[in-house]
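S.K.: Show me how the following folds:
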Amino acid sequence: MTTVYNIGSINIDHRYALEHFPAPGETLAASAYTRSLGGKGCNQSVALARAGAHVAHVGAIGPGDEWIEDTLRAEGIDTRHVARIATETGHAIVMVERSGENSILIHPGANRALSAEQVESALRSASPGDWALCQCETNRVGETLSLARELGLRTAFNPAPFSAAVVADLPGLDLLVVNALEADSLACALGCAVEAIPVAMLVVTRGGDGCSTYRDGQRLDVPAFPVVATDTTCAGDTFIGYALAGLAAGADLAATLRLASAAAAICVTRPGAVDAIPARAEAVRLAAGASGT
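M.R.: Numbering: from 1, shown residues only. Just a heads-up that it's a prediction; the model follows:
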């Protein structure tokens, strides 16, 4: 079975519900507070697992946070490559206003302390044809993806937080997932049209307007599912996890993206990050109902 090795962040999310985002100098009282597991890497690993993929997470946590490993293992995620180190676990301050929009402050912590030895050991345990997935919340992204290619792994990259310079220096990607603004910024940096960005497959997410996929000179558009959003925190991570799970399983591309869009739609109707990611059966029901099958 194909495995996705996700070299990704692990955060503890501190989530505050607000009427509106604070203006400079303004002090607000939150109407609710929750603590949960998050981080783009962790979110995507959970989404992969709930979508049915076999996933191994490669990351790091700090002292006293062993509960995180227990939580990931309960999702069926291989945690043998999650290191316990002296640096504190990364955390995020997530502010969500009444409309569902969010604003996030991240302290990287252990996410920026991955060692070359740890990453190499994890990737060398993979088999050719497995996937390596990265985001931009950990260190060693470029060397990780380069090593993965050398070892015969397929490479997927979600460059968030976004940097056009980082992506421009990473030719040969099998899958790149960006939002529409990021796609335009990258195309400008490369001096080409979006559809000419030099990766094997480009997926551009467009929020409520769905997504567009570019592969082999062909474009495939998949619409979004109309829902009332309450929290958009983990929508992109949910989409990516479901999409890559389908690709890793060799599923039909259009069906894969429709299922990923359904999962993301369900996610935005729920508060939080990991807690908002739907089980595969939920996404299948929405995708099937909307497609009339």
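S.K.: Now do the strands in the stretch 151-293 of the chain.
M.R.: 154-157, 175-179, 201-205, 211-215, 218-222 (DSSP state E, counting those that start in this stretch).
S.K.: can you list the residues that contact the third one?
M.R.: The reference is to strand 201-205. With contact meaning C-beta atoms under 8 Å, 6 or more residues apart in numbering, strand 201-205 is reached by 174-180, 183, 194-195, 211-215, 236, 239, 243, 257. In short, each C-beta sits where N, CA and C put it, glycine included.
S.K.: Mind giving me the ChimeraX command for buried ones among these?
M.R.: Filtering the contacts of strand 201-205 down to the buried ones (16 or more other C-beta atoms under 10 Å) takes a single ChimeraX command:
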select :174,175,176,177,178,179,183,194,211,212,213,214,236,239,243,257
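S.K.: So which residues of the stretch 51-200 of the chain form helices?
M.R.: 66-74, 116-124, 141-150, 164-168, 180-190 (DSSP state H, counting those that start in this stretch).
S.K.: quick one: the second one to chain centroid distance?
M.R.: The offset between the C-alpha centroid of helix 116-124 and the centroid of the whole chain comes to 21 Å, using C-alpha atoms, centre = their mean, to the nearest Å.
S.K.: and what of the first one?
M.R.: Put simply, helix 66-74 sits 18 Å off its chain's centre (C-alpha atoms, centre = their mean).
S.K.: Mind giving me the packing neighbours of it?
M.R.: Helices and strands touching helix 66-74, by 3 or more C-beta pairs under 8 Å, 6 or more residues apart in numbering; DSSP states H and E, are helix 40-50, strand 54-61, strand 78-84.
S.K.: could you give the angle of it to strand 78-84?
M.R.: Angle of helix 66-74 versus strand 78-84, following axes from the mean of the first three to the mean of the last three C-alpha atoms, to 10 degrees, is 160 degrees.
S.K.: which parts of helix 66-74 are buried?
M.R.: 68-69, 71-72.
S.K.: Likewise for the second one?
M.R.: Using 16+ other C-beta under 10 Å as the burial criterion, the residues of helix 116-124 that qualify are 118-119, 122-123.
S.K.: for the fourth one, same thing?
M.R.: Neighbour-count burial for helix 164-168 flags 164, 167 (criterion: 16+ other C-beta under 10 Å).
S.K.: could you dump that helix to CSV, C-alpha only?
M.R.: Output of helix 164-168 as CSV, limited to C-alpha atoms (Å, rounded to 0.1, in the frame of the first residue of the first chain):
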residue,chain,number,x,y,z
ALA,A,164,7.2,32.4,-4.3
ALA,A,165,11.0,32.2,-3.9
VAL,A,166,10.8,28.9,-2.1
VAL,A,167,8.5,27.3,-4.8
ALA,A,168,10.5,28.7,-7.7
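S.K.: Show me what it is packed up against.
M.R.: By 3+ C-beta pairs under 8 Å, 6+ apart, helix 164-168 packs against helix 180-190.
S.K.: Return the list of helices and strands in contact with the helix it packs on.
M.R.: Packing partners of helix 180-190 (3+ C-beta pairs under 8 Å, 6+ apart): helix 164-168, strand 201-205.
S.K.: what's in contact with that helix?
M.R.: Contacts of helix 180-190 (C-beta under 8 Å, 6+ apart): 159-160, 162, 164-165, 167-168, 178, 193-194, 196-198, 202, 204-207.
S.K.: Where does pLDDT dip in the chain?
M.R.: Scanning the chain with the threshold set as pLDDT under 70 gives 290-293.
S.K.: No further questions, thank you.
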